[in-house]
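Chemist: this one's structure only:
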């Protein structure tokens, strides 16, 4: 690995451990293209696995046009999830663990069998799914300044942890696009949405992830968790606050920050 690449990976790793802000590559005189961003993300993932982490699955990001435009991207993004960051509903999480905490309500899908592109459709993707879970993603905005999308992709799309509801719901006969969400922060309703906000249907997001990974020589594996993208707005809770997402048929999931 080139020395400038290694310097970035070392910086990404320190920022994760220390929960401190750092400058994005684009503000350090290095404007990454999409291929470079994913090569750096791959190197970061391998460095974390070499430290004893385990891969739990994958996440989709920028799953609506507004998010893509804001990050100067023409497509969604993808990043890895680590097993050490998989939490159960009701978990208490230290707010001090984050530099810039935000929470996203999502639909998580658990894979029943392997799946990789090319040519994966939403219908084919659905046949590879064991079931769906209500989920929250806890992200950490670790960059200072104005990061662009390729900066974000390179460092793993701000991933820290995910919180999963307990009961897996089979998706056969279930139209996930119509899955309703009531999103609450400390008991007050913050938003209501449907999962159609995620590329029209979370299964479209799953198919995109499978095709994207296939193009990178990777793929989804049985047992993988796939976070399909944010259904609603970001919440920015503080210590002492609780976030809850309640879905029409998938149930609810919550986290409390301490």
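Modeler: In hand now; what should we look at? Owing to the predicted nature of the structure, the values given are computational and were not obtained by experimental measurement.
Chemist: OK, contacts around the nearest residue to residue 47 once chain neighbours are set aside?
Modeler: Excluding its sequence neighbours, the residue lying closest to residue 47 (Cβ to Cβ, 6 or more residues apart in numbering) is residue 9, at 5.8 Å. In short, each C-beta sits where N, CA and C put it, glycine included. Applying Cβ atoms under 8 Å, 6 or more residues apart in numbering to residue 9 gives the contacts 1, 40, 43, 44, 47.
Chemist: so which strand or helix has residue 9?
Modeler: Taking DSSP states H and E as the criterion, residue 9 maps to helix 3-18.
Chemist: tell me the centre residue of this structure?
Modeler: residue 59 (3.7 Å; Cα atoms, centre = their mean).
Chemist: neighbours around the closest residue to residue 116 other than its chain neighbours, how many?
Modeler: Of all residues not flanking residue 116 in the chain, residue 219 sits nearest, at 2.9 Å (Cβ to Cβ, 6+ apart). By other Cβ atoms under 10 Å, the residues close to residue 219 number 17.
Chemist: in the protein, which spans are strands?
Modeler: Under the criterion DSSP state E, the chain contains strands at 55-61, 77-82, 86-88, 91-93, 101-111, 129-140, 159-164, 180-185, 188-194, 225-230, 242-247, 251-257.
Chemist: Look up the closest residue to residue 156, ignoring the ones flanking it.
Modeler: Distance criterion Cβ to Cβ, 6+ apart; nearest residue to residue 156, sequence neighbours excluded, is residue 79 at 4.8 Å.
Chemist: residues contacting that neighbour?
Modeler: 41, 58, 59, 61, 153, 156, 157, 159.
Chemist: Surely the fifth one touches residue 38?
Modeler: Yes: with contact taken as Cβ atoms under 8 Å, residue 153 and residue 38 are classed as touching, separated by 6.4 Å.
Chemist: what is in contact with those two at once?
Modeler: residue 78.
Chemist: out of these two, which sits in the busier spot?
Modeler: For residue 153 versus residue 38, neighbours defined as other Cβ under 10 Å are more numerous around residue 153 (24 against 21).
Chemist: Distance check, the more buried one against residue 42.
Modeler: Distance from residue 153 to residue 42, counting by Cβ to Cβ, to the nearest Å: 11 Å.
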